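[1] Have a look; sequence and predicted model below, questions after that.
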Amino acid sequence: MIIAPSILSADFSILKEEIKTILEAEWIHIDIMDGHFVPNLTIGPDVVKSIRKHSKQVFDTHLMIDEPEKYVDPFIEAGSDHITFHIETDTDHDALIDYLHEKDVKAGLSIKPNTSIQTIQPYLHKLDIILVMSVEPGFGGQSFIEPMVEKMKKLSRLRKENDYHYKIVVDGGINAKTAKQCKDAGVDVLVAGSYIFKANDRLKAIRCLK
Ligand code: DX5
Ligand code: ZN
């Protein structure tokens, strides 16, 4: 299992030190919010660029923004290895996936809890990442929405049947219990914010999720 701590729950005033506490994790999940697509605002590419200097981990950037095509370049230049954007955005999804691949960046699509897998069906063969939101995007610390487990199972089944190569990533409400449910459903990557950053022993929390 790959663990991707979400720095949304980190202390932004000491981000460099916060990153040192999660070096055990393979990926770092970076939540970008624009106050339009979701009712919250976070960081831009300059912050990503500054933390890039302090980590060799995979930067997994989750764009919760409208018009993602306008902002992918600055996030790639800032050092993102993966860019995941939402199917619910009004953009040319096919073209944006191709563009990310041209730039040698892994491409992901995310679906909100009320969005069906059918909406991303045409892109499954070329996606590197499918990010299943197990909470409504916008805030950390929410509870896992149980029925999302069915989506994970279906994505895992579709991958097997069709020989697709995407990784199944789950984001929201991950703790020791929900991690186990996701693992059993065939998930490859767990994004966890509060479970890791609010833990007394972050290393132990990461190992426990693994
Ligand atoms: C929510 C973000 C998540 C968030 C998860 O919109 O996409 O990455 O940080 O936080 P927890 O793990 O606290 O649910
Ligand atoms: Zn996220």
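    Ah, there it is. Ligands and ions are numbered 1, 2, ... in the order given.
[2] quick one: pLDDT of residue 99?
    Listed pLDDT for residue 99 reads 98.
[3] What is the strand or helix carrying it packed up against?
    Assigned by DSSP states H and E, residue 99 falls within helix 93-102. Judged by 3 or more Cβ pairs under 8 Å, 6 or more residues apart in numbering; DSSP states H and E, helix 93-102 is in contact with helix 72-77, strand 82-86, strand 106-111. Backbone N, C-alpha and C define where each C-beta goes, glycine included.
[4] would you turn the ones you listed into CSV with mean pLDDT?
    Shown next, in CSV, are those (pLDDT from 0 to 100):
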stretch, mean pLDDT
helix 72-77, 98
strand 82-86, 99
strand 106-111, 99
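[5] Tell me which of the ones you listed sits most buried.
    Mean neighbour count (mean count of other Cβ atoms under 10 Å) peaks for strand 82-86 among the helices and strands packed on helix 93-102, with a mean of 26.
[6] Direction included, what does that strand pair against?
    Partners of strand 82-86 in the sheet, by DSSP bridges, are strand 58-64 (parallel), strand 106-111 (parallel).
[7] Format these as a markdown table; extra columns: distance to ligand 2.
    What follows is the strands paired with strand 82-86, written out as a markdown table (distance: least, Cβ to the ion, whole Å):
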| stretch | distance to ligand 2 |
| --- | --- |
| strand 58-64 | 4 |
| strand 106-111 | 8 |
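[8] Looking at those strands, which is nearest to ligand 1?
    Ligand 1 lies closest, by Cβ to the nearest ligand atom, to one member of the strands paired with strand 82-86: strand 58-64, at 5.4 Å.
[9] Pull the residues that contact the closest one.
    Applying Cβ atoms under 8 Å, 6 or more residues apart in numbering, the contact partners of strand 58-64 are 4, 26-34, 37-38, 48, 52, 71-72, 75, 79-86, 110, 129, 131, 137-138, 169, 171, 189, 191.
[10] likewise stretch 161-172?
    Outside stretch 161-172, the residues touching it (Cβ under 8 Å, 6+ apart) are 2, 4, 6, 29, 60, 62, 84, 108, 110, 124-125, 127-135, 137, 142, 144-145, 148, 152, 155-156, 158-159, 182, 186-191.
[11] of those, buried ones?
    Buried subset of the contacts of stretch 161-172 (neighbour count, 16 or more other Cβ atoms under 10 Å): 2, 4, 6, 29, 60, 62, 84, 108, 110, 124, 127-135, 137, 144-145, 148, 152, 155-156, 158-159, 182, 186-191.
[12] low pLDDT regions in this structure?
    Scanning the chain for pLDDT under 70 picks out no residues.
[13] hmm, back to that, can I get the helices and strands packed on helix 93-102 in JSON lines with distance to ligand 1?
    Listed next are the helices and strands packed on helix 93-102 as JSON lines, based on distance: least, Cβ to the nearest ligand atom, whole Å:
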{"stretch": "helix 72-77", "distance to ligand 1": "15"}
{"stretch": "strand 82-86", "distance to ligand 1": "10"}
{"stretch": "strand 106-111", "distance to ligand 1": "8"}
